[in-house]
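below are the sequence and a predicted model; questions follow.
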Amino acid sequence: MFPSFETFDVDCNGINIHGVKGGKGPPLLLLHGYPQTHVMWHKIAPLLAGHFTVIAADLRGYGKSAKPPSVPGHSSYSKRAMAEDMVQLMAQLGFPSFRLCAHDRGARVAHRMALDSPRAVQQMVLLDIAPTREMYAHTNDAFARAYWHWFYLILPAPLPENMISADPSGFWINKCTSGAAGPGPFTTEAMEHYLQCFNDPGVIRGSCEDYRAAATIDIDHDNADGDKKVECPLLVIWGSEGVIERCFDALDLWRQRAADVKGFAMPGGHYLVEEHPQQLFDHLMEFFN
């Protein structure tokens with residue numbers, strides 16, 4: 001799915017991070033969302049590789065990256081820990097600073113990365129999210145029904161893990177094909193990869209821990225920031241047919257958390273990268289250039 005890309009496994013922050021690297025030019029890091037892997041970029045990465053050195057990595061707890069043990073307080077799956085993984089990865093690949101494009105959970109990692117390591121992130125694009133703390137703070141009936149998994153996955157272990165493990169593929173398909181685009185964004189090859197990875201009990205546990213961290217320690221880290229804002233230029237894009245458009249004023253919320261923000265809704269649902277890769281590529285090139 002990634003022609004001319006090379007696979008890597010790199011020790012970062014004490015764990016293995018898996019991904020692919022290809023292309024030539026300034027470095028661009030791509031981070032995936034739940035419950036996917038770096039493969040979600042397979043339609044757009046070859047386009048970007050004509051202009052950038054593209055690195056697409058699996059977050060800890062996902063895909064073929066390591067699944068560290070859970071700990072009380074969920075710090076091993078905090079966005080701070082995940083962000084440190086990626087800053088170390090890029091440094092070991094020879095890129096102390098880089099551009100960044102991230103979707104869903106990866107975008108939450110990217111937000112924390114830009115706050116904790118501002119010298120590393122030159123420009124940032126976040127896809128189909130509003131800030132985590134603000135999304136929880138603005139929870140209403142419509143949001144809770146649409147993003148039910150936010151409240152299900154944070155239940156104490158091992159309840160959601162055991163229930164998902166009874167039919168991981170069925171859970172993944174129900175979760176990811178129930179939006180406006182249905183199963184359309186996903187190619188057969190990508191779907192097979194996603195389901196194979198999600199059938200790993202370590203991925204089920206790690207991804208639940210990701211959400212538990214988001215509802216606890218990640219909000220603590222946000223609160224500790226005080227008035228600190230993301231400094232790098234930020235572009236936020238969300239789907240016009242998705243939950244962010246229906247339930248939040250994403251641009252207003254990001255302006256509370258970042259100093260230099262622009263953004264808009266583009267046609268599509270949550271999985272914009274796979275639904276409209278060429279259109280998204282055009283937006284990325286305009287912003288990065």
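Received, thanks.

tell me the average confidence for stretch 41-51?
Here stretch 41-51 scores 98 as its mean pLDDT.

and if you look at stretch 144-162?
98.

distance of Val203 relative to Ala142?
29 Å (C-beta to C-beta, to the nearest Å). C-beta coordinates here come from the backbone N, C-alpha and C atoms, glycine included.

these two: which is more packed in?
Remark: of Val203 and Ala142, Val203 carries more neighbours, 23 against 11, as counted by other C-beta atoms under 10 Å.

does the more buried one really touch Lys64, like I thought?
No: counting by C-beta atoms under 8 Å, Val203 stays clear of Lys64, with 9.5 Å between them.

overlap in contacts, these two.
Counting by C-beta atoms under 8 Å, 6 or more residues apart in numbering, the contacts common to Val203 and Lys64 are Cys197.

what segments of the stretch 101-250 of the chain are strands?
Here the stretch 101-250 of the chain has its strands, by DSSP state E, counting those that start in this stretch, at 121-127, 234-239.

distance to Arg257 and mean pLDDT added to these, as a markdown table?
Output for the strands of the stretch 101-250 of the chain, formatted as a markdown table (distance: least, C-beta to C-beta, whole Å; pLDDT from 0 to 100):
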| stretch | distance to Arg257 | mean pLDDT |
| --- | --- | --- |
| strand 121-127 | 10 | 98 |
| strand 234-239 | 9 | 98 |
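
quick one: closest of the ones you listed to Gly23.
Minimum separation from Gly23 across the strands of the stretch 101-250 of the chain (C-beta to C-beta) falls at strand 121-127, 16.7 Å.

which outside residues touch that closest one?
The contact list for strand 121-127 (C-beta under 8 Å, 6+ apart) reads 97-104, 107, 110-111, 113-114, 230, 232-238, 254, 272-273, 280, 284, 287-288.

go through stretch 226-239 and flag the buried ones.
Lys229, Val230, Cys232, Pro233, Leu234, Leu235, Val236, Ile237, Trp238, Gly239 (16 or more other C-beta atoms under 10 Å).

repeat that for stretch 11-23.
Applying 16+ other C-beta under 10 Å to stretch 11-23 flags Cys12, Asn13, Ile15, Asn16, Ile17, His18, Gly19, Val20, Lys21, Gly22, Gly23 as buried.

those in strands, which ones?
If you go by DSSP state E, the buried residues of stretch 11-23 have Cys12, Ile15, Asn16, Ile17, His18, Gly19, Val20, Lys21, Gly22, Gly23 in strands.

what's the most distant pair in these?
Across these (C-beta to C-beta), the longest gap, 25.5 Å, separates Ile15 and Gly23.

Arg257: what's its closest spatial neighbour, skipping adjacent residues?
Pro131 (5.0 Å; C-beta to C-beta, 6 or more residues apart in numbering).

what about that neighbour, how many residues close to it?
With other C-beta under 10 Å as criterion, Pro131 counts 22.

how close does it get to Pro68?
Distance from Pro131 to Pro68, by C-beta to C-beta: 25 Å.

do the same with Asp218
From Asp218 to Pro68 the distance is 16 Å (C-beta to C-beta).

looking at the two, which is more packed in?
Between Asp218 and Pro68, counted using other C-beta under 10 Å, Asp218 has the larger neighbour count: 27 against 18.

dump the buried residues of stretch 11-23 to JSON lines, plus distance to Glu209 and pLDDT.
Shown next, in JSON lines, are the buried residues of stretch 11-23 (distance: C-beta to C-beta, whole Å; pLDDT from 0 to 100):
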{"residue": "Cys12", "distance to Glu209": "18", "pLDDT": "97"}
{"residue": "Asn13", "distance to Glu209": "16", "pLDDT": "94"}
{"residue": "Ile15", "distance to Glu209": "13", "pLDDT": "97"}
{"residue": "Asn16", "distance to Glu209": "17", "pLDDT": "98"}
{"residue": "Ile17", "distance to Glu209": "17", "pLDDT": "98"}
{"residue": "His18", "distance to Glu209": "18", "pLDDT": "98"}
{"residue": "Gly19", "distance to Glu209": "20", "pLDDT": "98"}
{"residue": "Val20", "distance to Glu209": "25", "pLDDT": "98"}
{"residue": "Lys21", "distance to Glu209": "27", "pLDDT": "98"}
{"residue": "Gly22", "distance to Glu209": "30", "pLDDT": "98"}
{"residue": "Gly23", "distance to Glu209": "32", "pLDDT": "98"}
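
let me know the closest of those to Asn199.
His18 (16.7 Å).

contacts only, for Tyr194.
Counting by C-beta under 8 Å, 6+ apart, the residues that Tyr194 touches are Pro35, Gln36, Thr37, Val39, Trp172, Cys176, Phe186.
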